[in-house]
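1. Here's my sequence, what's the structure:
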Amino acid sequence: MDELVEHIDEFGNVLGVVSRWQAHKQGLLHRVVHICIVNSKNQILLQKRSKKKRLYPSVWDISAAGHILAGEKSLTSAIREVREELGLDLQEDEFEFLFAFLDDLSIDDFYVNEIADVYLVKKDVNIDDIKTQKNEVDEVKWVPVDEFCRDCLGDNFCPHKKGFKKLREFFKNIKNI
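-> Residues are numbered from 1 along each chain as shown. Below you'll find the model as predicted:
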């Protein structure tokens, strides 16, 4: 069964509930979360999207991401996505809201029209403790933040250009997370 998301207007007002598929097929604005996990070595946890994914298979992406389900709060969604994709149980107070951005692009008959809430989690996680969701994630790795900032707009990454540019600015202004 396809997930249900809230179709919203540009002010965040809910216009209705639609399937995730319908939102992407019709380009309806809806909400998602992006979670950026950074450790004490100033490395960011990246995930390689599954080669089975319809959109952006086998490219690197932020630590975890996903749709905010109908009736769900943004932070609740962030906690759920980290648990589902990485097998990590994190608490609300471990998440710091950074910013939101509009992610909008199209590929053939598939439209991304999303407001993405971006969260930072500062946590040392042993890579061996991560249990990836096989249909979502093929691999995870720690990468120095400056390397991420250098490479994140390249072809080996999901094209979240607006969000990645804002993350680069955030990291540029902070020497050590």
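2. by contact count, what packs against the strand or helix carrying Ile35?
-> Under the criterion of DSSP states H and E, Ile35 resides in strand 30-38. Using 3 or more CB pairs under 8 Å, 6 or more residues apart in numbering; DSSP states H and E, the elements in contact with strand 30-38 are strand 4-8, strand 43-49, strand 64-67, helix 74-86, strand 95-107, strand 110-122. All C-beta atoms are positioned from the backbone trio N, CA, C, and that covers glycine.
3. could you redo the ones you listed as JSON lines and give each row mean pLDDT?
-> As requested, these are exported to JSON lines (pLDDT from 0 to 100):
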{"stretch": "strand 4-8", "mean pLDDT": "98"}
{"stretch": "strand 43-49", "mean pLDDT": "97"}
{"stretch": "strand 64-67", "mean pLDDT": "96"}
{"stretch": "helix 74-86", "mean pLDDT": "97"}
{"stretch": "strand 95-107", "mean pLDDT": "93"}
{"stretch": "strand 110-122", "mean pLDDT": "95"}
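4. hmm, back to that, starting at the chain centroid, how far to the strand holding Ile35?
-> 4 Å (CA atoms, centre = their mean, to the nearest Å).
5. thinking again about what came up before, what's the most buried one of the helices and strands packed on strand 30-38?
-> strand 64-67 (a mean of 24; mean count of other CB atoms under 10 Å).
6. how far away is the closest residue to Asp117 other than its chain neighbours from Trp21?
-> For Asp117, ignoring the flanking residues on the chain, the nearest one in space by CB to CB, 6 or more residues apart in numbering is Ser74 at 4.6 Å. Separation of Ser74 from Trp21 (CB to CB, to the nearest Å) stands at 21 Å.
7. How about Ser19: which residues does it bridge to?
-> Leu4 (DSSP bridges).
8. sorry, back to before: next, the angle from the strand holding Ile35 to helix 74-86.
-> 60 degrees (axes from the mean of the first three to the mean of the last three CA atoms, to 10 degrees).
9. Using PDB, write down the CA coordinates of strand 30-38.
-> The C-alpha trace of strand 30-38 is given here as PDB (Å, rounded to 0.1, in the frame of the first residue of the first chain):
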ATOM      1  CA  HIS A  30       4.000  17.900   0.200                       C
ATOM      2  CA  ARG A  31       6.500  17.600   3.000                       C
ATOM      3  CA  VAL A  32       9.500  15.400   3.700                       C
ATOM      4  CA  VAL A  33      12.400  15.200   6.200                       C
ATOM      5  CA  HIS A  34      16.200  15.000   5.600                       C
ATOM      6  CA  ILE A  35      18.400  14.000   8.500                       C
ATOM      7  CA  CYS A  36      22.100  14.700   8.700                       C
ATOM      8  CA  ILE A  37      24.000  12.700  11.200                       C
ATOM      9  CA  VAL A  38      27.500  14.100  12.100                       C
END
